[in-house]
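[1] sequence plus the predicted model coming up.
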Amino acid sequence: MIVTKTRQVANQVMKMTGRGEMIFNDKLKYGIRSLKVWGWHEGDYDLAAQMLRDQGCRVHKVVFTGEGWSPIRYTQCRLHVLEPRKA
């Protein structure tokens, strides 16, 4: 099984920070991957984004603020990652 750079970096950040419970690394259109990790703070996503950029990936952080069924507002982050093509 092939492990993507996105997943490798997510695992590294989880080990470094001690945060994160479940990784969602979904494939979107045009080869873009969407990374969301339960338990991460916005700074964890920033760290992962920089690590991915250092490996040649294009990264865009998506931040959504809303409210669910209760009046409590929340912020949800995720990264959209385009990994470089393999030669």
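    Great, that's in hand.
[2] Val37: how many residues sit nearby?
    Applying other Cβ atoms under 10 Å, we find 22 other residues in the vicinity of Val37. Placement of C-beta: from N, CA and C, glycine included.
[3] might you report the residue contacts of it?
    Ala10, Val13, Met14, Gly20, Glu21, Met22, Ile23, Phe24, Asp44 (Cβ atoms under 8 Å, 6 or more residues apart in numbering).
[4] now it, which residues is it bridged with?
    Residues in a beta bridge with Val37, per DSSP bridges, are Ile23.
[5] all strands for the chain, in order.
    Assigned by DSSP state E, the chain shows strands spanning 23-27, 32-37, 58-67, 73-82.
[6] average pLDDT for the first one?
    For strand 23-27, mean pLDDT rounds to 94.
[7] which other helices and strands does it contact?
    helix 5-17, strand 32-37 (3 or more Cβ pairs under 8 Å, 6 or more residues apart in numbering; DSSP states H and E).
[8] TSV for the ones you listed, including distance to Lys61 and mean pLDDT?
    Formatted as TSV, those follow (distance: least, Cβ to Cβ, whole Å; pLDDT from 0 to 100):
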stretch	distance to Lys61	mean pLDDT
helix 5-17	13	96
strand 32-37	10	96
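[9] winner for burial among these?
    Stretch with highest mean neighbour count among the helices and strands packed on strand 23-27: strand 32-37 (a mean of 20; mean count of other Cβ atoms under 10 Å).
[10] that one vs strand 73-82, what angle?
    Inter-element angle recorded for strand 32-37 and strand 73-82: 140 degrees (by axes from the mean of the first three to the mean of the last three Cα atoms, to 10 degrees).
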